[in-house]
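Novice: okay, here's the prediction I keep looking at, along with the sequence it came from:
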Amino acid sequence: MLFGEQGASMSGDDTYELYIDAFTPASIPMSRLAEYMAGFAVLLGHEEHVHFDQLKSGSVTVVSRVEPVAWNKVQRRLDEVRFGTGPKAAMDAFRQIDENLAADNAVGRVVHGKARVMEFPGRNRPVESSVGPIVQPGTLDGEVIQVGGRDETINIHIKAGDDIHHCITTKMIARHLAQHIFGAPVRVHGRGTWSRAESGGWKLHRFDIESFETLDETPLSKMFEGLRARLAPSEGGRLNPTDMLSQLREE
């Protein structure tokens with residue numbers, strides 16, 4: 001739709017607006033507008049029921065149209081993001097929109113009707129001093145998805161959820177890790193090199209693997225079933241509390 005249209009939403013649908021104070025529709029670069037719209041779409045979620053409606057005149061205001069079937073779902077998703085408990089994709093979208101606003105010397109908000117549902121501090125957010133790089137011991141859990149290299153240090157890629165950690169290690173450890181590629185998750189021990197940006201986020205630049213162990217994939221429910229079976233008293237008998245505590249320590 002052309003920007004500046006009013007009352008364009010389809011009857012029965014609801015609207016959410018992303019307001020950005022530093023631009024007008026005529027001044028915002030198209031590529032930057034596309035980034036904001038893509039982030040807004042991920043923030044709202046439920047893409048099959050959420051549609052672009054219009055771009056208002058004045059300061060940039062992207063209006064989205066939400067079908068009735070998704071009203072409660074979208075509102076709940078935004079509430080979860082506000083309280084920091086939203087899905088990872090939505091939380092990442094919130095942070096990216098705010099990063100873009102800060103870089104554009106702007107602030108923003110999500111508006112629902114006359115209510116301000118969510119604020120993006122952007123240029124007004126407190127700035128933390130950058131830190132690092134610092135090196136400290138630690139562990140990483142995940143799946144080995146790549147092993148490679150031609151010199152004395154071998155590159156290892158560990159996938160943990162949506163994140164992929166780039167690590168290095170010796171040829172000897174790499175040979176053993178290669179046996180677990182795309183297999184059971186592992187826990188690698190070593191030293192990580194970290195830095196903190198002015199935004200407050202920490203970034204892992206390098207992780208030197210010094211040792212590793214495989215992790216048990218047994219579901220928690222199965223583990224408890226096995227524990228109950230081992231602690232069950234013999235038929236017709238009663239388990240001595242002292243014996244029970246000893247068995248629990250062993251488990």
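Specialist: Perfect, I can see it now.
Novice: all strands for this structure, in order.
Specialist: Ranges of strands in the chain, per DSSP state E, are 14-20, 50-56, 60-66, 108-112, 115-120, 131-148, 153-160, 163-170, 186-196, 202-214.
Novice: give me the residues contacting the last one.
Specialist: With Cβ atoms under 8 Å, 6 or more residues apart in numbering as the contact definition, strand 202-214 has outside contacts at 133, 138, 140, 156, 158, 165-169, 173, 176-177, 180, 184-197. In short, each C-beta sits where N, CA and C put it, glycine included.
Novice: do the fourth one as well
Specialist: Contacts of strand 108-112 from elsewhere in the structure, counted by Cβ under 8 Å, 6+ apart, are 14-21, 40, 43, 61, 75, 78, 97-98, 101, 116-120, 122.
Novice: where's R116 relative to V110, distance?
Specialist: With distances taken as Cβ to Cβ, to the nearest Å, R116 is found 7 Å from V110.
Novice: the more surrounded of these two?
Specialist: V110 (24 against 11; other Cβ atoms under 10 Å).
Novice: thinking again about what came up before, which one of the strands of the chain lies nearest to M91?
Specialist: In terms of Cβ to Cβ, the element of the strands of the chain nearest to M91 is strand 115-120, at 12.1 Å.
Novice: how far does the closest one sit from the chain's center?
Specialist: 21 Å (Cα atoms, centre = their mean, to the nearest Å).
Novice: list the buried residues in that strand.
Specialist: Neighbour counts using 16 or more other Cβ atoms under 10 Å place V117, M118, F120 of strand 115-120 among the buried residues.
Novice: please pull out the lowest mean pLDDT helix or strand from this structure.
Specialist: Ranking every helix and strand in the chain by mean pLDDT, DSSP states H and E puts helix 241-250 at the bottom, with a mean of 60.
Novice: what residue ranges in the stretch 151-251 of the chain score low on pLDDT?
Specialist: By pLDDT under 70, the low-scoring segments of the stretch 151-251 of the chain are 198-200, 217-251.
Novice: for the residue nearest the centre of the chain, what are its contacts?
Specialist: Compute the mean C-alpha point of the chain, and by Cα atoms, centre = their mean the closest residue is K88, 3.4 Å away. K88 makes contacts with G161, D162, as judged by Cβ under 8 Å, 6+ apart.
Novice: switch the cut-off to 7 Å
Specialist: D162 (Cβ atoms under 7 Å, 6 or more residues apart in numbering).
Novice: was I right about D98 contacting R123?
Specialist: No - counting by Cβ atoms under 7 Å, D98 stays clear of R123, with 9.9 Å between them.
Novice: more neighbours: which of the two?
Specialist: Applying other Cβ under 10 Å to D98 and R123 shows that D98 carries more neighbours, namely 21 against 17.
Novice: list the contacts of the closest residue to the more buried one other than its chain neighbours.
Specialist: Spatially, and ignoring its direct neighbours in sequence, D98 is nearest to F120 (4.7 Å; Cβ to Cβ, 6 or more residues apart in numbering). Each residue near F120 by Cβ under 7 Å, 6+ apart is listed here: I97, D98, L101, V107, G108, R109.
Novice: which one of the residues you listed is nearest to E47?
Specialist: I97 (16.6 Å).
Novice: wait, doesn't the closest one sit right on G39?
Specialist: Yes - with contact defined as Cβ under 7 Å, I97 reaches G39; the gap is 4.5 Å.
Novice: so which of these two has more stuff around it?
Specialist: It is I97, of I97 and G39, that has more neighbours when counted by other Cβ under 10 Å, with 24 against 21.
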